[in-house]
Every structure is written in C-alpha cells, then in structure tokens.
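[1] Here's my sequence, what's the structure:
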Amino acid sequence: MKRSLVPFGSDLPAVDMFRREMDSLFNQFFDFGGNGNGMPTWNYEPHINLAEHEDRFEVTAELPGLTPQDFSVEVKDNQLWISGEKKEERTDNGKTFHRVERRYGAFRRVIPLSTQVNSEHFAADYKDGVLTARVPKAESAKPKRIEVKS
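    Predicted structure coming up:
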C-alpha cells in the first residue's frame, strides 16, 4: 500500500508540516529573540532603561503585577541590583490553556554604572508597574566647572 506524503485536509507535504511544528516547539521552548539579543530566555527578566544625568543615574524597570515586597533594589560596587520573583498566577479552575506566553520566576538584573556612585543616598519608587531608581554620582565623579580668569 502506497502512503500519501500529503496529510488529509492539507495542501502541505508532511515534511513541511513536521518542520513547522518542530520550529514552533523550539520557538516556544527557547523563545529565541525574546530578550532582544537572540539568546534564549528561560525566566522572567524585566526590561530596563538606563539614563545618565549630570549628577545621577536613573534606572526605570518594568515590573508589572508585582508589589514592592516582591523585589529588592540594592547598590553594590557601582552596580544597581534589582532582584525578586514574579510568581505565576495560574489557576486552572477547569480552563484549558492554549497558549502560555507570560514569564514567571526569579530574576536578577545587575546594571553596571559607568562612574563612582554614592551608594548611601540612592532612592527608589514604584508606581503603575514601573520601578524608578535614582543613584547619585559620587562627588569625585561629578563634572567640575572651572572659572577662567582673564
């Protein structure tokens, strides 16, 4: 008995359908490109913006669905550390999930700061799912204005 290469109800050869299914499985499992650099992302990793001002650094991080008790912010060795855990809210209650794309899990972002900072006087606030941390530069790192005499 000769077998057909075209599955019932499909215009694609079985090999092409198999390749598409495998590509889909690999993309779901590894989430290639999910973090913007083409590397696999396994857990939740908050996206950040880093801005430098004359007297401080300002980091904003997207942490939707978290409370301030779910994460911590620290300054260590001229680096800003944001770490915590985004817990999975999944309650089945008879539901059948057809797609689960939201990321959960423990996370740590270590943001290197390019100059010496004053780790004793940094501040952070959290509003509408966005963390804003302000880290002042050390006095030695701030620009100095020199008076020019004529």
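
[2] which SSE is Thr60 in?
    strand 56-62 (DSSP states H and E).

[3] Report the buried residues of that strand.
    Of all the residues in strand 56-62, those buried under the rule 16 or more other Cβ atoms under 10 Å are 56-57, 59, 61. From N, CA and C alone the C-beta is placed, and that goes for glycine too.

[4] and if you look at stretch 112-132?
    113, 117-119, 122, 124, 126, 131.

[5] now the strands for the chain?
    For the chain, the strands defined by DSSP state E cover 48-52, 56-62, 71-76, 79-86, 105-112, 123-127, 130-136.

[6] would CSV of the ones you listed with mean pLDDT and distance to Ser150 be doable?
    Formatted as CSV, those follow (pLDDT from 0 to 100; distance: least, Cβ to Cβ, whole Å):
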stretch, mean pLDDT, distance to Ser150
strand 48-52, 95, 33
strand 56-62, 95, 33
strand 71-76, 94, 43
strand 79-86, 92, 43
strand 105-112, 91, 42
strand 123-127, 96, 41
strand 130-136, 96, 34
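
[7] about what we covered before: may I have the strands that pair with the strand holding Thr60, each with its orientation?
    Using DSSP bridges, the strands paired with strand 56-62 are strand 48-52 (antiparallel), strand 130-136 (antiparallel).

[8] now that strand against strand 79-86, angle please.
    20 degrees (axes from the mean of the first three to the mean of the last three Cα atoms, to 10 degrees).

[9] Please work out which of the strands paired with strand 56-62 is packed deepest.
    strand 130-136 (a mean of 18; mean count of other Cβ atoms under 10 Å).

[10] Where does the record place the domain boundaries for the protein?
    11-42, 43-89+103-143 (automatic domain parsing).

[11] Could you say which one of these comes nearest to Lys95?
    domain 43-89+103-143 (12.3 Å; Cβ to Cβ).

[12] now the closest one, how far from the centre of its chain.
    Here domain 43-89+103-143 is found 12 Å from its chain centre; the criterion is Cα atoms, centre = their mean, to the nearest Å.
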